[in-house]
Structure formats: C-alpha cells, structure tokens
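Visitor: Quick one, structure for this:
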Amino acid sequence: MQARIRVVVAKPGLDGHDRGAKVVARALRDAGMEVVYTGLHQTPEQIVETAIQEDANAIGLSVLSGAHMTLFRRVVELLAERDARDIVVFGGGIIPADDIAELEKLGVSRIFTPGATTASIIEWVRANVSSPVV
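Guide: Below is the predicted model of the structure:
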C-alpha cells in the first residue's frame, strides 16, 4: 500500500507574504497529500528539521524576498548534511530565469513562477515525489 505524499510547505527568511504558500498548501492537501505548513519567518535549519521530523517526502519553499539563492542553497546543503537528500526540494516565487537554472544545478528539483496553476504543481509533485510503501 502506498502512503500519502508528505510535503512541508515553508516560508523561509523575512518575507511576510504567505498567501501563495497557503494556496499551494491547501491545493496539495485537497489533492490528498499530507501537508505541514510551517508558517512565516522560518530558518532553513527549522525547515529541514521539520521535514526530517515529519518524515516528509518533499519541501516546497515560497520565496518572494529576493533571497532565493541563499535560502534554497542552504536548505539543500542542510539536507545533504543530514543525509536526507531523498527529500525533494521545489518552490516558487519571483525568481529570474537565470537564477532558476542555477538553483536546479544546486539540486532544487523545480521552480514555479507566478502564473503557475495549482493543478500544474499538484501534477508535478505526483509525478516527481515518491511516497513510501507501507
């Protein structure tokens, strides 16, 4: 039997705009996934700790502050340090195309830019995030 996909949705850094993160979290939940929303102003350390504690399959980050390179990089580094590279990292926000390519090189699986539909995010998560067999 397949367990449900577990996703931690997080707002790292000082960005206080969380409407998009909440919309995505609700859409993933409504699509049958288990979702843990961490709330505003989380550090990369807190996000990774939550993902490990919650046995998450993925972390979805929402970054609108312009600090995406630093925040995504740190989450990926911390997952590697904690031997948790199997947790898929994806996210969204106001992120320039050149930075998206760089984030993918760092190990971020997918970046959704403004205008991405919740249906496309759900479809991508289902296709790219494995749920554990129980």
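
Visitor: burial of T113, as a residue count?
Guide: When neighbours are defined as other CB atoms under 10 Å, T113 has 12 of them. For the C-beta atoms, the positions are set from N, CA and C on the backbone; glycine is no exception.

Visitor: Please apply the same query to I122.
Guide: Neighbours of I122 (other CB under 10 Å): 17.

Visitor: Next up, the contacts around S65.
Guide: Applying CB atoms under 8 Å, 6 or more residues apart in numbering to S65 gives the contacts 13-15.

Visitor: got a markdown table for those, with distance to D98 and neighbour count too?
Guide: Shown next, in a markdown table, are these (distance: CB to CB, whole Å; neighbours: other CB atoms under 10 Å):
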| residue | distance to D98 | neighbour count |
| --- | --- | --- |
| G13 | 20 | 21 |
| L14 | 23 | 9 |
| D15 | 20 | 19 |
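
Visitor: By pLDDT, give me the weakest of the residues you listed.
Guide: Lowest pLDDT of these: D15, 80.

Visitor: Cross-check the contact I'm expecting between that one and L71.
Guide: No: checked against CB atoms under 8 Å, the pair D15 and L71 is beyond contact range at 9.0 Å.

Visitor: which residues do the two both contact?
Guide: Common neighbours of D15 and L71 (CB under 8 Å, 6+ apart) are V63.

Visitor: packing partners for the helix or strand A27 falls within?
Guide: In this assignment (DSSP states H and E), A27 forms part of helix 19-30. Packing partners of helix 19-30 (3 or more CB pairs under 8 Å, 6 or more residues apart in numbering; DSSP states H and E): strand 6-10, strand 34-37, strand 58-63, strand 88-93, helix 118-128.

Visitor: one more time with 6 Å
Guide: Secondary-structure packing of helix 19-30 (3 or more CB pairs under 6 Å, 6 or more residues apart in numbering; DSSP states H and E): strand 6-10, strand 34-37.

Visitor: Quick check, central residue of this protein?
Guide: The chain has G60 as the residue nearest its centroid, 1.2 Å off, counting by CA atoms, centre = their mean.
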